[in-house]
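S.K.: 3D model of this:
(one chain, ligands or ions: 1)
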Amino acid sequence: MEKVQAIRGMNDILPDQTEGWRKITRTLENIVLSYGYREIKTPIVESTALFKRSIGDTTDIVAKEMYTFDDRNGDSLSLRPEGTASCVRAGLQHGLLHNQKQRLFYQGPMFRHERPQKGRYRQFHQFGVETFGFSGSEIEAEHILMTWRFWQALGIDKKVCLHINTLGSSDERERYKQAFVEFLTPLENQLDEDSKRRLESNPLRIWDSKNPQTQALLKAAPRLIDFLGDESRADFTNLVIEIKSAGIPVVENPGLVRGLDYYSHTVFEWVTDSLGAQGTVCAGGRYDGLVKQLGGKASPAFGFALGFERLALMVNQEDNAPLLTGFFACEREQDALRSVVLADQIRQENPRLRLEHHGSPIGLKKFMQKANKTEATYAFYVQSDEAGMSVLVKNLTTSEQELLSRSSLISFIQAL
Ligand code: HAM
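M.R.: Sure, this is the predicted structure:
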């Protein structure tokens, strides 16, 4: 019979990988918790209208990539393609946003029907952060410094670079859009097909085109930064100066426009060239208009999300080295229960040690054969005679072994 396979672009995360994932998760969680962020969990399925109204009808995500279906009541539902819209919906529904400051984080699977390739999947995982009620660039600096801490803690800070841009207020952006469309309209027949379509529906996204001819035309295009009022310009310039002074590698990228409609003012992406085509590891920005747009009282908002799979691909495999592991058994029936208690004591002496007990008494030769088949680095074998209990400890990598008394075993474990 034909075997049932996982859906294309949706991956199993196997035990070999989950250890690395857990380590990354712990690192990210510890950092955001140390900045005072609190976790929020929202459903994976939401009403389709939520994403249409927030991400935007004409964006690729909503127009082409959502997993949308009618449930048994005939309501249109979608698997979440991102977490920001759900955070705002939940914040509004539970009264967390009005006149309040919130620092939130979330993690979990997201779904987009994109063409799968390395670093781009149909089910992928994000770790995201959203803040509400903070209008100044201080919170923007906090987010960027916090992401920088992520990369340093995970040992990938030499592999990433921050791209940053400002989209201005909606008025500033509207004025710019007009000038941009006026500039491109006479050149329309030189644009690629996607960009021609976007000239009507979402002109700023033309900056995202990978087409070299389109990119060449954009070199002479008006820049959004020249359409900013004094305040927007000063906020952005000061933020960039501050980030640079923190030693963060920054590129001011006027072509960075983001693929979701809710952004205004500062937007950023952390990019790497170590992942091939899918080089954006983390992205976000300001979205002050979204809370009102989804029916709440206006509240400033800023956030980002990182792609977990992309991050895991980057984090050095050596950093994911398994913890210290051991395989444990005893020789004689009469020591069976005591050996379980001893194994437990050993685990407490060294929390880094993953110790698996064989379960029942076993002969030495068979035990060592089994131990060699596990991924354990140490084998522990309890023996006893009239003089009492002793433990044979074998380093399975070097084959060195020694017989230890119970008390010297404890010192040995503590020193590992
Ligand atoms: P986004 O740029 O669509 O932004 O996604 C954020 C990150 O998720 C990307 O930089 C990438 O690392 C990862 N990602 C996106 N799509 C895929 C995919 N198909 N496969 C693997 N990884 C992927 C957002 O989702 C916004 N909600 C971010 C945000 C939060 N803005 C404000 N707050």
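
S.K.: show me what from the stretch 151-300 of the chain comes close to the ligand.
M.R.: Residues of the stretch 151-300 of the chain lying close to the ligand by Cβ under 6 Å from any ligand atom are 259-260, 280-285, 287. Any C-beta I mention is one placed from the backbone N, CA and C, and that applies to glycine too.

S.K.: and those, which two are furthest apart?
M.R.: 281 and 287 (19.9 Å; Cβ to Cβ).

S.K.: buried residues, stretch 255-263. List them.
M.R.: 256-263 (16 or more other Cβ atoms under 10 Å).

S.K.: what segments of the stretch 101-250 of the chain are helices?
M.R.: Under the criterion DSSP state H, counting those that start in this stretch, helices of the stretch 101-250 of the chain are mapped to 137-153, 170-184, 193-201, 212-218, 230-245.

S.K.: in TSV: the ones you listed, plus mean neighbour count, mean pLDDT and distance to residue 83.
M.R.: Below are those laid out as TSV (neighbours: other Cβ atoms under 10 Å; pLDDT from 0 to 100; distance: least, Cβ to Cβ, whole Å):
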stretch	mean neighbour count	mean pLDDT	distance to residue 83
helix 137-153	19	96	15
helix 170-184	16	94	23
helix 193-201	15	91	25
helix 212-218	15	94	31
helix 230-245	15	94	24
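
S.K.: of all these, which one comes closest to residue 224?
M.R.: Here helix 170-184 is closest among the helices of the stretch 101-250 of the chain (Cβ to Cβ), at 4.8 Å.

S.K.: show me the contact partners of that closest one.
M.R.: For helix 170-184, the surrounding residues in contact (Cβ atoms under 8 Å, 6 or more residues apart in numbering) are 167-168, 191, 199, 203-204, 206, 217, 220-222, 224, 227-229, 232, 264, 289.

S.K.: before we move on, the earlier item: nearest to residue 370 among the residues of the stretch 151-300 of the chain next to the ligand?
M.R.: residue 281 (41.3 Å).

S.K.: can you pull the contacts of the closest one?
M.R.: Here residue 281 is in contact with 160, 270-272, 275, 306-307, 310-311, 314 (Cβ under 8 Å, 6+ apart).

S.K.: okay, it: pLDDT?
M.R.: According to the prediction, residue 281 has pLDDT 97.

S.K.: any idea of the angle the helix or strand where it lies forms with helix 137-153?
M.R.: Element membership for residue 281 (DSSP states H and E) is strand 280-286. With axes from the mean of the first three to the mean of the last three Cα atoms, to 10 degrees applied, the angle from strand 280-286 to helix 137-153 works out at 170 degrees.

S.K.: so what are the sheet partners of strand 280-286 and their directions?
M.R.: strand 264-272 (antiparallel), strand 301-307 (antiparallel) (DSSP bridges).

S.K.: would you reformat these as TSV and include mean pLDDT and mean neighbour count?
M.R.: Below are the strands paired with strand 280-286 laid out as TSV (pLDDT from 0 to 100; neighbours: other Cβ atoms under 10 Å):
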stretch	mean pLDDT	mean neighbour count
strand 264-272	97	24
strand 301-307	98	24
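
S.K.: export those strands to a markdown table and tack on distance to residue 410?
M.R.: Compiled in a markdown table, these are given as follows (distance: least, Cβ to Cβ, whole Å):
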| stretch | distance to residue 410 |
| --- | --- |
| strand 264-272 | 45 |
| strand 301-307 | 42 |
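
S.K.: buried ones among the contacts of helix 170-184?
M.R.: Here, 16+ other Cβ under 10 Å leaves 167-168, 191, 199, 203-204, 206, 217, 221-222, 224, 227-228, 232, 264, 289 buried among the contacts of helix 170-184.

S.K.: widest-spaced pair of these?
M.R.: Every pair of these checked by Cβ to Cβ; the farthest is 217 and 289, at 29.6 Å.

S.K.: show me the buried ones among the contacts of helix 170-184 that map onto strands.
M.R.: Taking DSSP state E, the ones among the buried ones among the contacts of helix 170-184 that sit in strands are residue 264.

S.K.: which one among the buried ones among the contacts of helix 170-184 gets closest to the ligand?
M.R.: residue 264 (11.4 Å; Cβ to the nearest ligand atom).

S.K.: any idea which helix is longest in the chain?
M.R.: Under DSSP state H, the helix in the chain containing the largest number of residues is helix 15-34.

S.K.: buried sites along that one?
M.R.: Going by neighbour count (16+ other Cβ under 10 Å), the buried part of helix 15-34 is 20-21, 23-24, 27-28, 31-32.

S.K.: out of those residues, which is nearest to residue 13?
M.R.: residue 21 (6.3 Å).

S.K.: mind checking pLDDT for the closest one?
M.R.: Note for residue 21: predicted pLDDT of 93.

S.K.: got a list of what it touches?
M.R.: With Cβ under 8 Å, 6+ apart, residue 21 has these contacts: 13, 308, 312.

S.K.: these in helices, which ones?
M.R.: 308, 312.

S.K.: much appreciated, bye for now.
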